[in-house]
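K.L.:
Could you work out the structure for the sequence below:
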Amino acid sequence: MLHKIKKIGVMTSGGDSPGMNAAIRSVVRACAFHNIECVGIYRGYEGMIEGDFKAMDARSVKGIINKGGTVLKSARSKEFRTKEGRQKAHEELTKAGIDAFVVIGGDGSFTGAMIFSQEYDMPVMGIPGTIDNDIFGTTHTLGYDTALNTVVEACDKIRDTASSHNRLFFIEVMGRDVGHIALNVGVGAGAEEILIPEEDLGLDRLLESLRRSKQSGKSSSIVIVAEGDKIGKNVFELKDYVEEHMTEYEVRVSVLGHMQRGGSPSCFDRVLASRMGVKAVESLITGQSNCMVGLKNDVMELTPLELAVKGKSKINMELLRVSDIMTI
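P.N.:
Below you'll find the predicted structure:
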């Protein structure tokens, strides 16, 4: 049955990422263009349960395309994981006349939307927003490109001090389950070694690589470590191990942390967010539901939410080969 969409809700959920505001803006303005009412749902599913809604029009979203974070705020909701919580959310949406919604977030947010849609036959559309780029069905998630630029800039600055003091720096970047950020930043920043969850380099090979770098005349080195790397318990254990076995190196650790999730979105992320927002709204209008908007071969395509959640995002093996050649 084709739903006649009259009012669309838009929300951000889970971790924030640069580009979320640009996506909110796109959804709101696409709704205005197609003469559909739009409602901002504040604080993710928590706000949905509490009816924390605000009507939005084209002028409501002026001046936010360049802002990081999310003007709609974000929150985790334990209550939404319960049937009772989702029932409350449905009651609030019905009361507000919202008959479809767009959720900007990651796999946890998509899982909630998928279950809710199945229970209440409400059309939903997902927009992938996470700097980790770990969602199946899109080559780029919102915030990923901005995070790469932020991290490369930080690495360039750290290299200045590494070179000045003949130091070895371990730089930990985000990426609990996948090494997209570490691999791309490692190549882009000219790192001597890249440690990612997908490739267990091993401590001995790491030492061998560092010794080779030293023998080839490198006086300083940068090693990019994804937080989910399996070599050591953590980046500080790696530091201790290397210091113990390579006394010629003075080793330092920089954990970049949440600075990677902040900042003004790059042009790429702003354009991507704009395209995704329009595709999400127009897909709902044409009767599509339970899908995520993604970028494939520079074309906007839909992937069923179930596949987006269960599918595994894979690293670029060609880039891995390039990184091995570049570290010679």
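K.L.:
How about the contacts made by the closest residue to K7 other than its chain neighbours?
P.N.:
Closest residue to K7 in three dimensions, ignoring its sequence neighbours and counting by Cβ to Cβ, 6 or more residues apart in numbering: E37, at 4.2 Å. Placement of C-beta: from N, CA and C, glycine included. Neighbouring residues of E37 by Cβ atoms under 8 Å, 6 or more residues apart in numbering: K6, K7, I8, C31, A55, G97.
K.L.:
Export those to JSON lines and append columns for pLDDT, secondary structure and distance to K310.
P.N.:
Below are the contacts of E37 laid out as JSON lines (pLDDT from 0 to 100; DSSP: H, G, I helix; E, B strand; the rest coil; distance: Cβ to Cβ, whole Å):
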{"residue": "K6", "pLDDT": "95", "secondary structure": "coil", "distance to K310": "32"}
{"residue": "K7", "pLDDT": "98", "secondary structure": "strand", "distance to K310": "30"}
{"residue": "I8", "pLDDT": "98", "secondary structure": "strand", "distance to K310": "26"}
{"residue": "C31", "pLDDT": "98", "secondary structure": "helix", "distance to K310": "30"}
{"residue": "A55", "pLDDT": "98", "secondary structure": "strand", "distance to K310": "35"}
{"residue": "G97", "pLDDT": "98", "secondary structure": "coil", "distance to K310": "33"}
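K.L.:
Just to be sure, K54 is in a strand?
P.N.:
Yes: K54 forms part of a strand when assessed by DSSP: H, G, I helix; E, B strand; the rest coil.
K.L.:
Who is it paired with across the strands?
P.N.:
G40 (DSSP bridges).
K.L.:
right, and it touches C38 too?
P.N.:
No: applying Cβ atoms under 8 Å, one finds K54 not in contact with C38, separated by 10.0 Å.
K.L.:
ok, these two, which is more surrounded?
P.N.:
Remark: of K54 and C38, C38 carries more neighbours, 26 against 12, as counted by other Cβ atoms under 10 Å.
K.L.:
List phi and psi for the more buried one.
P.N.:
phi -130, psi 140 (degrees, to the nearest 10).
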